[in-house]
Structure formats: C-alpha cells, structure tokens
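# model this:
(2 chains)
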Amino acid sequence: MFSKLLLATDGSEHSIRSAKYAVDLAQQFDGTVDVVYVIDEKKSKADVLHHVDKYDLKKDREEKIKPVLDLLVSERVEHQVHFSHGEPAPTIIELANENNFDCVVVGSRGLNNLQTMILGSVSHKVAKHAHCPVLIIK
Amino acid sequence: MNIQKIKQDWFGNIKGDVLAGIVVALALIPEAIAFSIIAGVDPMVGLYAAFSIAVVIAFVGGRPGMISGATGAMALLMTTLVAQEGLQYLLAATILTGILQILFGVFKLARFIKFVPRSVMVGFVNALAIMIFTAQFQHFEGESWIMYALVAATLAIIYLFPRMTRAVPSTLVAIIAITVFVIFGNIDIRTVGDMGALTQQLPIFLIPSIPLTFETLMIIFPYSLSLAIVGLLESLLTANIVDDMTDTESNKNKESRGQGIANIVTGFFGGMAGCAMIGQSVINVKSGGSGRLSSLVAGVFLMFLIVVLGGVVVQIPMAALAGIMIMVSISTFDWSSLRNLHKVPRTDALVMVVTVVTVVVTHDLSIGVLAGVMLSAIFFAAKISKVTVKKIVEEEGTKHVYKVYGQIFFASVNDLVDKFNYNDASVKEVEINLANAHLWDDSAIGALDKIETKFEQNHIKVYYTGLNEESDLLKNKIGGLSKASGH
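Numbering: from 1, shown residues only, chains lettered A, B, ... in the order given. This next block holds a predicted model:
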C-alpha cells in the first residue's frame, strides 16, 4: 500500500524526524524511499556565493542530507536521492504526481500564522495538491 | 552537432522564453532608469544599455537564460567620471571596458576569478546592496511625508502582491499603481521627467565625441579597468547561480568575451556599461526562461515599450523608483552572512567586513575587492606559515632528530630558524626530518643553509631526511648558493 514513498527533506533536525517515520513505513510495507532536497532560488544564490565551486557546493549539499541517508542505510531501506531546483511545494508536488508515489512524507516547520502568511506552508500546499496520501510530521 | 546546439539554445523553449522575456522587460525598465539616475546620466542611457546589452548577449553570451543590462554595481563605478567629464567620456569608457573584457576572455582570465575568495564576494554583494540603498537618500532630501508614504506604499505592494499572483512582476504593479495614484491625485512630487530627458527614439550609432589622445585614455582607463573587473565578477557569479538553478553548464570564457562585445556595441549606441543582473536572471529562470530567446525578447520588448510608452514613463514618481531600489538592495544583501557572522572563521568575517567598509568609504567596488583579496592573502600566508618542530633525543643525547611540520616559505622561515637548539655541547650530530614539510622558495633553502651553518659553527654534523621530490629538486637547484656566498 505504501511501498513507494517520497520523503521531502531540507537536512534540518525536523526533517530527520520525518525520515524516521518514512523508514518505519517503508519497513512495514517493504517499500522504497525517494529522498528529495529542493533548492529554491534564494538558496541557489546564497549557496553559490558561499562555495568555491560547484564540486564544493555539491559536497556540502550531500553533507547536509547525510543524517537522513545514514538512517536509511543503517535501516537497510532501498532509496534514491534527488536534488531538484525550484519552489519547494510545486517541485515536490510535481515529482509526487508524475512518478505515482504512494505517499509523500513531509515535515511541518511549525510556523505561526504570520510566518505562514508570508512564507507559505510547504506541507499545506503539498497536502492540498498531491494526488496521493500525504504524511505531515509535526 | 553545433547546429543542433544552436537550435536548442535558441528555440528549445520558445513559449517559456517569450513569456519570461516579456516579464523581464517589464522588470528591467524601472531598474534601468534608476541605475541611470545613480550614474548621473539621462534615463535613456540606462534604457539603451539594457536594450543593447540584452540583445547582443542573446547572440554572443556564454550562458543562455542569463539576463544582462545596466546594473547598480557598474552605475556606482561611473558616478565620478560622469560628474567630472560628462557623458561622452562615459561612452568611451564603456567601449574600452568592452575591449578589456574581450582581452580577459581571449586570455582565459575567467579562471582567475577563483582567486577572489568567497568572503570577498560576499562583501562585494553586501557593499553593493548598501551602496544602492544609500544612493536613494538623495531622493528624500527636502521632500515631505508624502514621499515617505509613497515609498512605503511601493514596498508594501512589492512584498504583498506576490501573495495574490506571481504572474505579473510585483515591481511593475507597484510602479503602475503609484504612478496612477500620483497622476490622478494631482500630487506634486518629483518624477523621472525631472531627472533627465527621455526620448522615444531607437538608439543610433555614434562615435563618442572625445579627443582621441593619450590624455583621454589616461582619464578613462582606470574607470574602464574597474568596470571590466566588476562586470566580469558579477557576470560570472550570476552565471554560476543560473548554472545551479537550471542544473546546466555554461561557457565562462565565452561569457567574458560576450560581455565585452556587448559593452563595445552599447558604448557606440549611447548606452552605459553593464553586466549580468542577478535579480533579473533569477526572475527570468523562475518565469520559465532558459534559452537565448528570452534575453532577445527582453531587450526588444523593453525598447518597444519605451518607444510606445515613453510619455508615461516620464511621469513615474521617483518615490516608486526609490521603493524598487530599496527592494533591490534588500534582495541583493546576503543576509545569511550576517546570521552566520559569528560562526564563520574570524578571519573570513573580518575580510568580509573590510571589503564592505572599504567600498562604503571609497565608493568603489573594485578597490573593496582588491583590499579584500589582499587581506585574504595575508591571512592565508599567516595561517599556512605556522611551522612546528619536534625534537627527539637519540643515542644518549649525542644525536638530535628534529621533525619539521608545515610549509617552509618566505613568511615562515623566521619562525623556523629560532626553533633549533644550536648550543648543546653534548650533541655530535643532528638529523632534520622534512618528511612532513614542503620547501617552496629560495627563502626556504636560505633558511636551511642558515641552520646548517649555525650548527656547523658549533661543530655539529647536520643532515636531512625525508625530503619530498619537489623540495629536493628545489634544494639541489639553489641549495648551497646562499651559504657559499655567506662565507
């Protein structure tokens, strides 16, 4: 039922918590996990500015999601990693809908009302527009 | 294969490129006008530059999907030249800037950008943001509360409108709303028309009317050099950002050459020097632009709008432009560098701050970059010049083994020589183990010779072990020379 999972991550402590749930689900249903790390234009700009070259940058991004990958490796869950560019919510939604995932696992940052109004809630948008069930980790 | 690539670069994404190009054109107009005003020239000079650079770069640039035009960084460098010598010298300087950039491209100097450390680049964009921000203060002088209210309204629209729709650039909506409000409200406030003439004409080819003398060259050369360097720095940074956003590669040397060609053409058509624009390129990519067509459409559509709507453009209040420039400076500033200031190495933080302060004091981005690069080099030399020496006593005190760790070069030799004990009477021989050291220059060899001499004066035998191949080669080449001449 939940054998093809999409896990959205940003390398934060919060997203590692989401990863634990994704691992749990994958183990129960003997499934696979696709990890997606979305880089928006603000992140692109800051990242390019702060790294010597693209190899250094790539290494650093891989380093960022390493805790999540370590978890997947140590729990022996079959997985794949995607680095995607664009706005986080639409990119996750597109990936989820075009590849027929069974479930999207995404963390909720726990923003207050004002922050949600200005920043927009990624998890809310994903829940609304993804065609599959969405597991939001609070 | 080449034809295939050209076709892909131009027509691989027609719909996305045309739509994004139109969005970019709309966003370019207010910035081109505002940057002209920063430089101290008529709005047309910036608009011609935006048109000409965008169109030329579409054909000769090395990074499809990147947008170039009149920029704040370049405008800030020209203010003194324009104030002292006038527009014609600026046009000549623009052409010379282009020639220098082509030379940079031909000699493949783009790779030297890597010698500009990251902390200097961060300082560069932060300084740029501060300069664009402070350049707006002049528009508030002697103005009433209406000016402040209109600027606040502009910023409110810019930041809140995208909540409703992202189809139209919010800066354009802000400009239209504020302009309409001022015209129909009959509000007496300074407009673009008060800052200079705006002719609804296509640019024409003109040779700048300046005396073609050595003296002229000496006046414009320093400006052109600064413009060439800053232009390439920002263009290559922007190219890297577009590379990352689109997950594709680009040709940096072709881009350097392309920027040069664009500036030469622009100078002859009455435009000011420009370079790639980070903000506009991000808008382009986000709006779906990725090919050369997007830059062409942006340039052509911008000129079309000016020719058709020039009469309205002069009525745009300065308040709206000042608001947009404040937004540009906020988005240019690298806020993460402030948040992480206490986390990055102290020396990096200091380099960043020194770069910013130098620019703000000298009003020259290129001097700031130079100061930052030099300070980084000094810090690097200081860091790498730490040499440690470990002494091991062997054979009941008659032999000392010194293990040297680190880089031996001009900055570290003074330290090294003092780390040996030359006056131990019980010692008969000394082994200097250089397995963990590297000899870099003749100062290093000189230092070893000096150490050797000092030991020999006390009748202690010295020999070396563990030299790596490169160091050994260097030592054999120049070793003994300084010692021989010393006696």
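
# quick one: pLDDT of the residue lying farthest from the centre of chain A?
What lies farthest from the middle of chain A is residue A:52; by CA atoms, centre = their mean that is 25.7 Å. Residue A:52 carries a pLDDT score of 78 in this model.

# can you tell me the helix or strand for it?
Residue A:52 is part of no helix or strand, with elements assigned from DSSP states H and E.

# That one against residue B:118, yeah?
Yes. Here residue A:52 reaches residue B:118: they are 6.4 Å apart, a contact under CB atoms under 8 Å. From N, CA and C alone the C-beta is placed, and that goes for glycine too.

# of all the residues in chain A, which ones are close to chain B?
Contact residues, chain A versus chain B (CB under 8 Å from any CB of the partner chain): A:39, A:41, A:44-54, A:57, A:83, A:85, A:87, A:117-118.

# got the contact list for residue 46?
Since no chain was named, I'll use chain A. Residue A:46 makes contacts with B:334, B:336, as judged by CB atoms under 8 Å, 6 or more residues apart in numbering or on different chains.

# could you do chain B instead?
With contacts defined as CB under 8 Å, 6+ apart, the neighbours of residue B:46 are B:32-36, B:39, B:70, B:75, B:271-272.

# And residue B:216, by the same measure?
Contacts for residue B:216 (CB under 8 Å, 6+ apart) come out as B:89, B:92, B:210.

# a markdown table please, covering those and showing distance to residue A:13, pLDDT and secondary structure.
Listed next are those as a markdown table, based on distance: CB to CB, whole Å; pLDDT from 0 to 100; DSSP: H, G, I helix; E, B strand; the rest coil:
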| residue | distance to residue A:13 | pLDDT | secondary structure |
| --- | --- | --- | --- |
| B:89 | 57 | 95 | helix |
| B:92 | 57 | 96 | helix |
| B:210 | 62 | 87 | coil |
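
# Pull out the buried residues from the residues you listed.
B:89, B:92, B:210 (16 or more other CB atoms under 10 Å in any protein chain shown).

# Contacting chain A as well, which ones from these?
With respect to chain A, and counting by CB under 8 Å from any CB, no part of those is in contact.

# Can you find the helix or strand of chain A with the lowest average pLDDT?
The helix or strand of chain A with the poorest confidence is helix A:113-119; it has a mean of 62 (mean pLDDT, DSSP states H and E).

# Now for the spatially closest residue to residue B:196 that is not a sequence neighbour: which residues touch it?
Of all residues not flanking residue B:196 in the chain, residue B:42 sits nearest, at 3.6 Å (CB to CB, 6 or more residues apart in numbering or on different chains). Contact analysis of residue B:42 by CB under 8 Å, 6+ apart lists B:36, B:87, B:195-198.

# Quickly note the distance from residue B:42 to chain A.
Residue B:42 is 32 Å from chain A, where distance means CB to the nearest CB, to the nearest Å.

# List phi and psi for that residue.
Torsion angles at residue B:42 (phi, psi; degrees, to the nearest 10) stand at phi -60, psi 150.

# Now do the contacts for residue 134.
Defaulting to chain A. By CB under 8 Å, 6+ apart, the contact list for residue A:134 reads A:103-106, A:123, A:126-127.

# um, chain B though
Going by CB under 8 Å, 6+ apart, residue B:134 touches residue B:360.

# Next, find the distance separating it from chain A.
Note on residue B:134: its distance to chain A, by CB to the nearest CB, is 22 Å.

# Kindly report the same for residue B:115.
On the measure of CB to the nearest CB, residue B:115 and chain A end up 11 Å apart.

# Name the nearest residue to that residue, sequence neighbours excluded.
Distances taken as CB to CB, 6+ apart place residue B:373 nearest to residue B:115, at 6.8 Å, with adjacent residues excluded.

# The one you found falls within a helix, correct?
Yes. If the criterion is DSSP: H, G, I helix; E, B strand; the rest coil, then residue B:373 is within a helix.

# hey, where'd the strands end up in chain A?
A:4-8, A:32-39, A:79-85, A:103-107, A:134-137 (DSSP state E).

# With the stretch 1-150 of chain B instead?
Ranges of strands in the stretch 1-150 of chain B, per DSSP state E, counting those that start in this stretch, are B:68-69.

# Next: the stretch 251-400 of chain B.
For the stretch 251-400 of chain B, applying DSSP E, counting those that start in this stretch gives strands covering B:275-276, B:388-394, B:399-408.

# Now that we have the residues of chain A next to chain B, which of them are buried?
Members of the residues of chain A next to chain B classed as buried by 16+ other CB under 10 Å are A:39, A:41, A:44-51, A:57, A:85, A:87.
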